[in-house]
Each structure stands twice: as C-alpha cells, then as structure tokens.
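>>> no sequence on this one, just coordinates:
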C-alpha cells in the first residue's frame with residue numbers, strides 16, 4: 001500500500017511498526033473525523049426526538065446499518081449493533097431458548113468468545129457441547145462436523161482463526177448444518193476485515209463482527225441475524241428504544257433491528273464503523289487480501305529456515321490470512337514480544353490470544369506464542385525489519 005494510505009494513520013508517524021492487528025487495528029483520520037463531526041455538530045440521541053439534531057443523528061445511525069449490511073451481503077434490518085463480536089455471540093447464546101439435551105457443535109480452535117458462552121450453557125442448562133478438532137496445522141476438516149452434527153441445535157465455526165490465521169471452509173460446514181436442520185453461526189471477527197465476505201453466499205444464520213478490527217473505533221460491532229430468525233428469537237436485552245408499547249402487564253417490541261438494540265447505543269461508534277467501511281471499500285477488499293498475502297508469504301519465507309524459530313499453522317498462504325504465531329525456542333513469548341519493541345519498536349502480541357485450548361491442545365504451547373498480524377497499511381519494508389529483529393533475538397539464545 002502507498003504512503004498516502006499510511007499517512008492516514010497518525011500512530012505510524014511515530015516510527016512504530018504495528019503488527020498487532022488481530023487484536024485491534026489502527027484507526028484512520030477519516031473515521032475520527034466522522035465521529036468528531038457527530039460530537040461537534042449534531043450530537044443527540046437516536047429515535048428519540050423530532051428536533052433536527054436527533055433526526056440527523058438517527059439518519060446517520062441508520063446509514064451505518066446500511067453500510068455494514070452492504071459490506072457483508074446482508075439486509076439493514078439484519079444488522080444488530082453490539083459492543084463487539086464477543087457480545088454478538090453471547091447475545092445469541094442468551095437469546096435462544098435452551099433445554100437439557102440440546103446440542104451445540106464448536107471447535108477447539110475457537111476464540112474463547114465462541115467457546116465459553118456454549119460451555120456456560122452446558123453448565124447452566126445441561127446443553128451438550130461437542131468439540132471438533134483441527135489438524136496440527138490448524139485446518140478444520142468440515143467432514144469432522146458430520147460426526148457430531150446429528151441432533152445439533154446450533155453449529156458454530158471460526159471463519160478465520162485468531163491464533164493461527166487459518167481459514168475455515170464455512171460454506172461446507174453450512175451445508176452440513178442444513179442437512180441436519182441445525183442453525184449455523186460464523187465468527188467473522190478475523191475474516192471480515194481481511195478478505196471479501198458475503199453472508200448470503202455463506203448462507204449462515206448468525207455472523208459476528210468487531211468494528212475495531214477493521215479500522216473502526218472500539219466498542220462497536222455487529223451481529224448479523226438471518227431475516228427469517230430475527231423476529232422469532234426473543235432478544236435477551238430489552239428496554240428503551242426496543243419497545244413499541246408497554247402496559248403494566250405486557251409489552252410489545254418494536255421492529256428489528258431496534259428491538260435488539262435496547263438503550264442508547266454507541267452512536268458515534270456506529271458512525272465511525274460506517275466510515276471505516278467506506279475506507280475499506282474505497283481501497284477494495286480483494287486488493288487488501290492480495291496485499292496481505294504478499295506480506296504473509298514474505299514473512300513465512302523469511303522465518304522458514306531461521307534457526308531457533310518455530311512457526312505454527314499451515315504454510316499455505318492460500319489457506320490463511322496475515323496472522324503468524326511463532327516461538328523462539330528457549331524463550332518465553334512475552335520476553336520475545338518485549339524485545340521486538342525495545343529493539344525496533346515493533347508491536348507484536350504474546351500469550352494465549354484468548355485461545356487457550358488451541359494453544360494447549362493443537363500446537364502444544366501452554367505458555368502461548370508470539371503473534372505477528374498484518375493489515376493494509378503494513379509494508380514489505382516492515383517485514384524486512386521484522387526479519388532482521390527476529391534474527392537478532394534468536395541469536396541471544398543460540
């Protein structure tokens with residue numbers, strides 16, 4: 001990507017190489033300006049007033065729904081704004097009716113946010129939770145879902161692993177879910193920011209998205225709910241803004257998605273989310289995917305024969321995004337991460353990456369890994385800087 005794009009991100013002007021994009025992405029000036037415009041010029045609550053400020057805020061808020069919907073191939077009424085993808089997934093868990101004996105199929109590769117809510121249902125209601133395991137490269141075989149799909153009420157899958165970067169064939173898993181009459185949820189937190197995603201093509205019933213991982217502000221995300229389901233499932237949270245009428249003994253919810261967005265929402269965050277989508281669309285998701293694949297291949301090639309460095313996950317760049325987990329033998333991942341920043345101001349992540357089962361059971365790293373993750377503003381020159389720094393660090397232990 002060119003210097004003009006990098007100039008939109010103030011943090012990069014400080015000489016920092018930011019390789020922690022799987023945790024949260026940087027935010028361009030255009031997103032900040034859109035949010036400040038709301039605070040400076042028309043701050044008011046949405047769907048509450050007839051005055052000009054409220055009307056404009058409501059218009060911009062609804063416009064953000066439309067932008068998210070178009071970006072992922074959904075309808076605006078299917079887009080429920082949440083705090084993040086974690087809240088989106090938990091909202092599904094809390095809103096569906098569960099009984100003892102119901103069955104959910106998930107994986108040991110998933111982020112805690114797509115595992116813990118189902119384990120909670122297991123402990124609370126006696127719901128059965130079946131676990132699908134990927135191979136040692138972090139690739140899930142969709143056929144393994146067939147072993148557990150019989151009788152499943154809900155099947156869930158990570159579109160992209162946040163810990164290993166591997167891409168899951170969610171379309172194949174959806175076919176299995178349909179064959180068994182199961183609902184299907186896709187965690188799109190790590191896929192939607194980096195590759196073209198179309199919810200209609202995937203044909204999922206639920207999809208979770210985090211705005212802060214795709215150039216947006218923190219505190220905003222979305223739950224995509226299939227139109228045929230959004231009025232059949234009773235939202236777990238109700239109150240101001242979600243109500244059409246109230247009596248002392250009953251109430252009626254308003255239309256979706258407002259019925260799922262009780263209380264004053266993160267209006268500025270939603271507007272910023274919409275601006276982030278404008279930014280991504282202006283560049284083009286295919287161009288972003290191609291750029292990240294180039295960076296990922298360069299990094300993997302550089303690390304392949306580096307003594308003392310172990311890389312996890314598939315080496316096939318067509319089966320992964322720009323997330324690379326690795327360790328330097330004999331060194332704690334937190335120490336390695338600290339050294340990257342101390343030596344060359346390279347920001348990488350370390351630890352379990354909210355995926356302890358993946359760390360412990362798949363790649364056998366109970367202390368976790370170092371994770372470098374790339375985005376549209378990263379460059380091949382930064383990959384070279386990363387390679388040089390990693391060589392310096394690995395020499396310390398050898």
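Done, it's in. Just so it is clear, the structure is predicted and the values come from calculations on it, not from any experiment. Residues are numbered from 1 along each chain as shown.
>>> Would you agree residue 187 is in contact with residue 161?
No. Counting by C-beta atoms under 8 Å, residue 187 stays clear of residue 161, with 9.5 Å between them. The C-beta positions use only the backbone N, C-alpha and C, and glycine is treated the same way.
>>> who touches both of the two?
Shared contacts of residue 187 and residue 161 (C-beta atoms under 8 Å, 6 or more residues apart in numbering): none.
>>> Next, count neighbours for residue 318.
8 (other C-beta atoms under 10 Å).
>>> Look up how far residue 384 lies from the residue nearest to it when sequence neighbours are not counted.
Spatial nearest neighbour of residue 318, excluding adjacent residues (C-beta to C-beta, 6 or more residues apart in numbering): residue 293 at 7.7 Å. For residue 293, the distance to residue 384 equals 17 Å [C-beta to C-beta, to the nearest Å].
>>> what about the two, which has more around it?
residue 293 (18 against 13).
>>> Work out for me the element the more buried one sits within.
Secondary structure assignment for residue 293, by DSSP states H and E: helix 285-304.
>>> neighbouring contacts of that helix?
Against helix 285-304 from outside (C-beta under 8 Å, 6+ apart): 1, 165, 194-196, 280, 309, 311, 315, 317-318, 320-322, 324, 326, 372, 374-376, 378-380, 383-384, 386-387, 390.
>>> So which bits of the helix or strand just after it are buried?
Downstream of helix 285-304, the next assigned helix or strand under DSSP H and E is strand 309-312. For strand 309-312, the neighbour count (16 or more other C-beta atoms under 10 Å) marks 309, 311, 312 as buried.
>>> Excluding covalently adjacent residues, which one is nearest to the second one?
Translated: residue 311. residue 326 (4.6 Å).
>>> so what's the backbone phi/psi at the one you found?
phi -160, psi 170 (degrees, to the nearest 10).
>>> residues in contact with it?
Residues in contact with residue 326 (C-beta under 8 Å, 6+ apart) are 303, 309, 310, 311, 312, 369, 370, 371, 372.
>>> Distance to residue 95 added to those residues, as a markdown table?
Shown next, in a markdown table, are the contacts of residue 326 (distance: C-beta to C-beta, whole Å):
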| residue | distance to residue 95 |
| --- | --- |
| 303 | 43 |
| 309 | 45 |
| 310 | 42 |
| 311 | 40 |
| 312 | 35 |
| 369 | 34 |
| 370 | 37 |
| 371 | 32 |
| 372 | 36 |
